[in-house]
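Undergrad: Quick one, structure for this:
(one chain, ligands or ions: 1)
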Amino acid sequence: MCFPPNTLSGARAMNTASAYRKLRELLDTSPESGLFLVVAGLAVAVSSTMKQQAAQPSAAMVLLLGALVASVGLPHGGLDAWLAQRSGLVRGAQQLLLFYIAYLLTAVAVAGFWLWQPGLALSGFLLYSAWHFAGDWPERAVPWRFLLGIALLALPAWMWPDAVASIFGALAGQEGRQLASLMNAAAPWLLLGMVGGLWRLRRHPLAIAELGVLIALALIVPPLVFFLVYYCTVHSLRSLRRILNGVSTAQRPRLLALAGLHAAIAALLVLTAGFFVMADGNNLQVWLAQLNASQGLSLVFIGLAALTVPHMLVEWLVARRGMVC
Ligand SMILES: CC1=C(/C=C/C(C)=C/C=C/C(C)=C/C=C/C=C(C)/C=C/C=C(C)/C=C/C2=C(C)CCCC2(C)C)C(C)(C)CCC1
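TA: Have a look, this model is predicted:
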């Protein structure tokens, strides 16, 4: 079919305008996606100068990891007690106290299991994280949700085998290194399956864009940078936004303060537990001054693994009562 030239350019302009309007609408409902795309672009630009040092995570990188996880990542779990109360799972002060005790005991049990069986604990952590992270997108069918999450976590081990082996080695010794090489071998096949499964998200262009950028990010930037960009922008902020969307504007500052308070307590508890396990008779000041990158990684990731289990349990119990989190 032929059009006079001015009709064609008019049609093109209308298409561009409506695509732009659609993109604005999508980003308005999911502002963290816009932030993620910008931060991901910056991470790619910066990491081109970082590649060599990043093979072994440095102390500075681990310090940044700890600071960002504590300040941006932890708060999304800091509303678990509030969610439990709001959904009716927990009623009254006595049940709230029991909730806190159960939450802490579950976290301590996971950390204890990690110290006893680090290889198994790391494998379990990767599996339940894969399930948990895939919940950030609308895919709900069990095999695809697992595939999506596992592929995302395996991708860094493909292009960054040494860095991932050294991180997993710090977390679980030789078994951790073996797991990294298993993930390195599986990553291309998982990627193939994941890309093949993306058609299931065809009605969600923003989800496809995010996953496409995440795949590129996992392959281009060092593993800890990939984790930080995804975890802090997409995972944590999305989870907070979903909760805050369900309350009035007036309630939001109080909820954010509550999330921050719980995050600070959780970070302090993880540090205290780390001190008791790792200090080796040193006082707090000496222990903190001597903390190396490998111990810092253990503190952050074993701490996260321990908190993730009660966090996921609360999410599951609350979702069964019809609440979004
Ligand atoms: C409520 C409460 C509280 C709080 C809580 C919280 C705050 C929580 C949080 C939670 C959370 C916040 C969770 C998280 C999660 C996370 C995750 C799940 C992660 C994962 C990761 C991974 C899996 C990674 C991997 C890797 C590596 C390691 C290296 C590189 C590569 C890669 C990336 C692969 C407390 C205790 C105070 C008390 C009681 C109650």
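Undergrad: so where's the stretch 201-325 of the chain uncertain?
TA: Counting by pLDDT under 70, the stretch 201-325 of the chain shows low-confidence ranges at 324-325.
Undergrad: for the ligand, what are the nearby residues on it?
TA: Counting by Cβ under 6 Å from any ligand atom, the stretch 201-325 of the chain comes close to the ligand at 223-224, 227, 262-263, 265-266, 269, 301, 304, 307-308, 311. C-beta here means a position set from N, CA and C on the backbone, and glycine is covered the same way.
Undergrad: redo that, cut-off 5 Å
TA: 223, 227, 262, 263, 265, 266, 304, 307, 308, 311 (Cβ under 5 Å from any ligand atom).
Undergrad: Now name the helix or strand holding the third one.
TA: Okay, so that is residue 262. Element membership of residue 262, judged by DSSP states H and E, is helix 252-278.
Undergrad: what packs against that helix?
TA: helix 80-86, helix 92-116, helix 237-245, helix 284-290, helix 293-320 (3 or more Cβ pairs under 8 Å, 6 or more residues apart in numbering; DSSP states H and E).
Undergrad: 6 Å - rerun?
TA: helix 293-320 (3 or more Cβ pairs under 6 Å, 6 or more residues apart in numbering; DSSP states H and E).
Undergrad: I'd like to know how far residue 209 sits from residue 102.
TA: Separation of residue 209 from residue 102 (Cβ to Cβ, to the nearest Å) stands at 39 Å.
Undergrad: One more: residue 139?
TA: 30 Å.
Undergrad: In terms of neighbours, single out the busier of those two.
TA: residue 139 (21 against 14; other Cβ atoms under 10 Å).
Undergrad: mind listing what the more buried one touches?
TA: By Cβ atoms under 6 Å, 6 or more residues apart in numbering, the contact list for residue 139 reads 145, 148, 200.
Undergrad: Now do the SS call for it.
TA: Three-state call for residue 139 (DSSP: H, G, I helix; E, B strand; the rest coil): coil.
Undergrad: One more: residue 90?
TA: Assigned with three-state DSSP, residue 90 falls in the coil class.
Undergrad: pretty sure it contacts residue 84?
TA: Yes: between residue 90 and residue 84 there is a contact at 4.3 Å, judged by Cβ atoms under 6 Å.
Undergrad: shared neighbours, those two?
TA: residue 99.
Undergrad: follow-up on the earlier one: tell me the buried residues in the helix holding residue 262?
TA: When burial is assessed from 16 or more other Cβ atoms under 10 Å, helix 252-278 yields the following buried residues: 255, 259, 262, 263, 266, 267, 269, 270, 271, 273, 274, 275.
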